[in-house]
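In: Build me a model:
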Amino acid sequence: MSRFPSPTLADRIDDRIQELDDGFVRLGDDDTPFTLRGGGESLQEARQLHTKREEAERKRDEESNEPITRTASEWRANMTGIDFPFVDTIPLDEQRRRANQVADLATTENVVERIDQDVAFQDETVRGKYWRGIG
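Out: Residues are numbered from 1 along each chain as shown. Modelled structure (predicted):
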């Protein structure tokens, strides 16, 4: 077994990256803050609309998770029930802060002994680990 991904696997991963007509780039078939990058005119329009909202309303909306839409008009019709990527989604730094709070609680309450974060591979060429099944 090779520790390098096969060209066939690399081709399949590249096939999963889609450049969408609205300026977004998506990995896979589902729109989530984790699978989308980029954005076009609809992103700019949504950002402008978002800045015109009252600050308290913006903050409240940014702190919650709703389904994602990439269509500004659909988002405008239901801003509190739908999120627009990179506009009113929970920022990644806030998600990290929340994850750290949960990790701290888990170790404080002795649910787990320790949590390792930001673990670096010892060998940059390793793409994963093969775990042999039960013999």
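In: Now do the strands in the chain.
Out: Secondary structure of the chain (DSSP state E): strands at 17-19, 24-27, 36-38.
In: Quick one: distance of the first one to the chain centre.
Out: Its chain's C-alpha centre and that of strand 17-19 lie 16 Å apart, by C-alpha atoms, centre = their mean, to the nearest Å.
In: Rounded mean pLDDT for that strand, please.
Out: For strand 17-19, the mean pLDDT works out to 89.
In: Tell me which helix or strand in this protein has the weakest average pLDDT.
Out: Sorted by mean pLDDT, DSSP states H and E, the helices and strands of the chain end with helix 7-15, the least confident at a mean of 56.
In: Show me which residues of the longest helix that the chain contains are buried.
Out: Counting by DSSP state H, the longest helix found in the chain is helix 92-108. Buried residues in helix 92-108, counted by 16 or more other C-beta atoms under 10 Å: none are found. Placement of C-beta: from N, CA and C, glycine included.
In: swap in stretch 29-48?
Out: Residues of stretch 29-48 classed as buried by neighbour count (16+ other C-beta under 10 Å): 31, 35-36, 39, 42-43, 45-46.
In: Narrow those residues to those in helices?
Out: 42-43, 45-46.
In: any idea how far the most centrally placed residue in the chain lies from residue 28?
Out: Most central in the chain under C-alpha atoms, centre = their mean is residue 34, positioned 1.8 Å from the mean C-alpha point. Distance from residue 34 to residue 28, counting by C-beta to C-beta, to the nearest Å: 10 Å.
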